[in-house]
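> Predicted model and sequence below, questions to follow.
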Amino acid sequence: MAAPRTIAIDGPAGAGKSTIGALVAERLGYLFLDTGAMYRAVALAARQRDVDPDDAEALGALAREVRIALGPPTVRDGRAYTVLLDGVDVTWQIRSADIDRIVSQVARVPAVRDAMVAQQQALAARGRVVMVGRDIGTVVLPDAQRKVFLTASAAERAKRRGDELAARGQVRPRQELLHEILRRDQLDSERAVSPLRPAEDAVVVQTDGLSVGQALDRVLHVIARPRA
Ligand code: CDP
């Protein structure tokens, strides 16, 4: 079987896409691109420049103007990759609670999506890539050779997000995280442009109760299997 050249992994907040996607890319020797980080970087730029997260026009202009670069880790502090916004390392800043709150508002703006999708497609054209997000299998890479939709119950995803934050020394109430995940799911699924949904030809992988290793095995299994 010829190796797939592009692998799309989509799914809701906290389903483990970034963790699993990075491991799949490492295992296969592919480039890893976490598209959520790009939308987060635009949201951070909006905060830094006092752009209203409801001002679609200003957000679109901002998304076209900023330079966002994702690359291998430049610091060994637990990061899976480094994110640069106009040359400045914002890898951890884009993970703040404030950005969690506004990122889906920013990501629903069509002009923001157009700018990001164009960059994502240009990167995928360069070579083998594992791309993770919400609309990779449906919009960004509809011809991806393998499509996985990674999911888990909202309660499980809130627990994982809590554990992830705790590992970074931040404590937030589980209820608050659950509420935020449900709100983001709703915004991401109900938006007019590129809503979160599995591509028709995606394989859904349910990860409730699975360890990272078990979820990784399932995803690798899907990837290794020739598509019908
Ligand atoms: O890490 P987590 O799953 O919480 O979120 P993320 O993947 O970093 O994505 C943050 C937000 O960006 C999502 O809630 C979406 O609103 C948006 N996003 C998107 O619209 N399209 C993508 N391809 C990736 C992210």
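On my side now, so go ahead.

> Can you name the residues of the chain that neighbour the ligand?
13-14, 18, 35-36, 39-40, 103-104, 107, 133-135, 184, 188 (Cβ under 6 Å from any ligand atom). C-beta here means a position set from N, CA and C on the backbone, and glycine is covered the same way.

> Can you say which two of those residues are spatially most distant?
14 and 135 (17.3 Å; Cβ to Cβ).

> Tell me, how many residues neighbour the closest residue in space to residue 31 that isn't next to it in sequence?
Nearest residue to residue 31, sequence neighbours excluded (Cβ to Cβ, 6 or more residues apart in numbering): residue 129, at 4.6 Å. By other Cβ atoms under 10 Å, the residues close to residue 129 number 21.

> number of nearby residues for residue 123?
Residue 123 has 16 neighbours, counted by other Cβ under 10 Å.

> what's the answer for residue 186, then?
Neighbour tally, residue 186, other Cβ under 10 Å: 12.

> Can we start the residue count at 46 from this point?
In the new count, where the first residue is 46, that last one comes out as residue 231.

> ok but it is inside a helix, no?
Yes: assignment of residue 231 by DSSP: H, G, I helix; E, B strand; the rest coil places it within a helix.

> That one and the ligand, how far apart?
Going from residue 231 to the ligand by Cβ to the nearest ligand atom, to the nearest Å gives 10 Å.

> Please identify the buried residues of stretch 164-184?
Neighbour counts over stretch 164-184 (16 or more other Cβ atoms under 10 Å) mark 164-165, 168-169, 174-184 as buried.

> Let's see which of those end up in helices.
Using DSSP state H, the subset of these located in helices is 164, 165, 168, 169.

> measure stretch 164-179 end to end?
Stretch 164-179 has an end-to-end distance of 15 Å (criterion: Cα to Cα, to the nearest Å).

> Need the residues that contact it.
48, 50-57, 62-63, 66, 69-70, 73-81, 83, 113, 152, 181, 185-186, 189, 233, 239, 241 (Cβ atoms under 8 Å, 6 or more residues apart in numbering).

> swap in stretch 79-98?
Contact partners of stretch 79-98, identified using Cβ under 8 Å, 6+ apart, comprise 62-63, 66-67, 103-104, 107-108, 111, 113, 115, 125-126, 128, 130-131, 135, 138-140, 143-144, 147-148, 150-152, 157, 161, 164-165, 176-179, 181, 185.

> ditto for stretch 196-215
For stretch 196-215, contacts defined as Cβ under 8 Å, 6+ apart pick out 56-61, 123, 216-217, 219, 222-223, 226-227, 230, 249-254.

> for the record, mean pLDDT for stretch 127-142?
Averaging pLDDT along stretch 127-142 yields 96.

> about what we covered before: take the ones in helices among the buried residues of stretch 164-184 and lay them out in JSON lines including pLDDT.
Listed next are these as JSON lines, based on pLDDT from 0 to 100:
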{"residue": "164", "pLDDT": "96"}
{"residue": "165", "pLDDT": "97"}
{"residue": "168", "pLDDT": "94"}
{"residue": "169", "pLDDT": "94"}
